[in-house]
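Trainee: what follows is a predicted structure for the sequence shown.
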Amino acid sequence: MIRPRNPLGVPCDDEDEMRTHRLDDATAEAVLRGVVPAERPDLHSLVAVTEHLRGLHARTAPPAPAGQLARLLDSGLAPIDDKGDQLVTAGSKARPAPQVSGLPKRRKNVVTELLAGIAAKLGAAGALTKGAAGVSIALASVTGAAAADVLPDAVQDRVAGAVEQVSPFDMPDSADARPDVAPDGAEVSRDAQDGGVDGRQLSEDARSQHGPETLPKGGAPEDAPAARPEQPGQTGLDTANTTPASPNAPDTAPVPAERPAPAQPEQVPAEPPVAPAPQAEQRGGNADTAPAPAEQGTQDTDRDSAQEEAPATERASEGQATGDQAASDGQDRRP
Amino acid sequence: VSVLGFDEVLAAARLGQAWAFRSLYEQYGGRVHGYVTSKGVPEPEEVTNDAFAQAFTSLGRFTGGEAEFRSWLFTIAHRRVVDAYRRSSTRPAALPYEPDADLREGPSAEQAVLDQLADERVRALLDRLGEDQRNVLLLRLVADLTVEQVAATLGKSEASVKALQRRGLAALAKVVEAEAARR
């Protein structure tokens, strides 16, 4: 005997729902786009709910990075090999060996594409007022990279030039002196604070260090008095008389022609020039404003369902090497 | 101000550049966090962090453009949500919404629904849907994925996703209507 689930004559809720809430694909798509179909004004509240959900991400700020993510956002990632695996794995203190021939081919291609794209974008933009092209990426990220001097020279110069044009900030570029050839900034700063460079003092110091009174005895200059005519009481005839050919020397020395008066030394100002305010110490302070890594998160070992995700998900050790060795070198070169 | 396109940023991220990671996180962090939060996992911040860390360390294996990246990112986020459920062995922690216990009043029933829509209330409405229906609607609306991308993310056919979104919206409309009628 078949027993009906609903008493006869009583409308079923599902039947009512089917009649009033049925949606076809077009209506569903319209609702998902935030459009109330003209023939379905009853869906107004539903569209309000879907629009509320759609705007959820705009009201939701990304959480503060922590653990491994904080380190990734702060220091980047170690290089990957051609198979897409990290060369530095979690818990390993080993670092990738320097590559003799540079980056692998695939990564070279990626670098080339990246640089070409960046250069094209910057060149086409001409300024930082270029509108959104494709996905919007915050300028702060690029300028942050430029400030950290991690971009290649060509890109670095263009970003630095653009930023310096529209802002009072001094960005590092390839024309900036590198520490290996630049003077000691601290010394320059001290000199400037002491009142600048005294030219007279420099001249006296040079004379005292390299002048005739400090030349070693028996050295070539003193053995060749002809080359030292300025020494008082000694002439070329005196010197000739001390040589084996002295019998052939004349009895009297010829009267030398009138020597032109030496040029007057330049007037040294009494006061040392005022040196400009030191800026060397202020340079190089464009630290990357990346958030500081937070404390280590808990280790997650459940990866059963993440088959498409890379196996190298373990926490990298503190101080993990940056992904691009060149970028790392660039950062190391910063004063 | 925009300077770089997504492809350039993604290429830099594949090289492990921290600034590229930050750009991607700034761009997609809120959306992923909104999705994770809507799923009602106990610690959405931790799940969001894990999802991005997983994505960034796996970028070497990713190929594609922005659309593929978004789908791929939400696939990882979705699986991290599932993992979080497994760890906690609980259903979403969101408390069921009790209309009778809600003492807030509005000028009209419908206006009250529209004006007082809070994230928690909407999530409570979504909790009345089936799991698959909720997943589809959240991925379509919060993650802004297409039907094809949702199908790839959930491992379902496009026809199945379309059916789920139809039924999910119909069920949601019924819930919203009942909500308005009660007020």
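Mentor: Good, I have the coordinates.
Trainee: name the nearest residue to B:T37, sequence neighbours excluded.
Mentor: B:P44 (4.3 Å; C-beta to C-beta, 6 or more residues apart in numbering or on different chains). Quick note: C-beta positions are derived from backbone N, CA and C, even for glycine.
Trainee: contacting residues for that neighbour?
Mentor: Contact analysis of B:P44 by C-beta atoms under 8 Å, 6 or more residues apart in numbering or on different chains lists A:63, B:33, B:36-37.
Trainee: just those residues: which are in helices?
Mentor: B:33, B:36-37 (DSSP state H).
Trainee: nearest residue to A:A58 other than its sequence neighbours?
Mentor: Counting by C-beta to C-beta, 6+ apart, the residue nearest A:A58 is B:G30, at 7.0 Å.
Trainee: and the strand or helix carrying B:D50, what's buried?
Mentor: Using DSSP states H and E, B:D50 maps to helix B:44-57. Neighbour counts over helix B:44-57 (16 or more other C-beta atoms under 10 Å in any protein chain shown) mark B:44-57 as buried.
Trainee: tell me the least confident of those?
Mentor: Ranked by pLDDT, the buried residues of helix B:44-57 bottom out at B:P44, which has 89.
Trainee: residue of chain B closest to chain A, please.
Mentor: At 1.8 Å from chain A, B:G16 is the closest residue in chain B, using C-beta to the nearest C-beta.
Trainee: would you say that residue is within a strand?
Mentor: No: counting by DSSP: H, G, I helix; E, B strand; the rest coil, B:G16 is located in no strand; its state is coil.
Trainee: surely it and A:R71 touch.
Mentor: No: between B:G16 and A:R71 there is no contact under C-beta atoms under 8 Å: 11.6 Å.
Trainee: still on that earlier bit, so the residue nearest to A:A58 sits against B:V36, correct?
Mentor: No: contact criterion C-beta under 8 Å: B:G30 and B:V36 do not qualify, at 10.7 Å.
Trainee: looking at these two, which one has more neighbours?
Mentor: Using other C-beta atoms under 10 Å in any protein chain shown as the criterion, B:G30 and B:V36 rank with B:V36 on top: 29 against 20.
Trainee: which one is that one nearest to, not counting chain neighbours?
Mentor: B:P44 (4.4 Å).
Trainee: ditto for B:R80
Mentor: Per C-beta to C-beta, 6+ apart, closest to B:R80 is B:A51, 4.6 Å.
Trainee: so the one you found touches B:V32, yeah?
Mentor: Yes: using C-beta under 8 Å, B:A51 is in contact with B:V32, at 6.0 Å.
Trainee: shared neighbours, those two?
Mentor: Listed as contacting both B:A51 and B:V32 by C-beta under 8 Å, 6+ apart are B:73, B:77.
Trainee: what mean pLDDT does stretch B:20-27 have?
Mentor: Averaged across stretch B:20-27, the pLDDT comes to 93.
Trainee: what are the buried residues along that stretch?
Mentor: B:20-27.
Trainee: in strands, which of these appear?
Mentor: The strands, defined by DSSP state E, take in nothing from these.
Trainee: what's the closest of these to A:H44?
Mentor: B:Q27 (31.8 Å; C-beta to C-beta).
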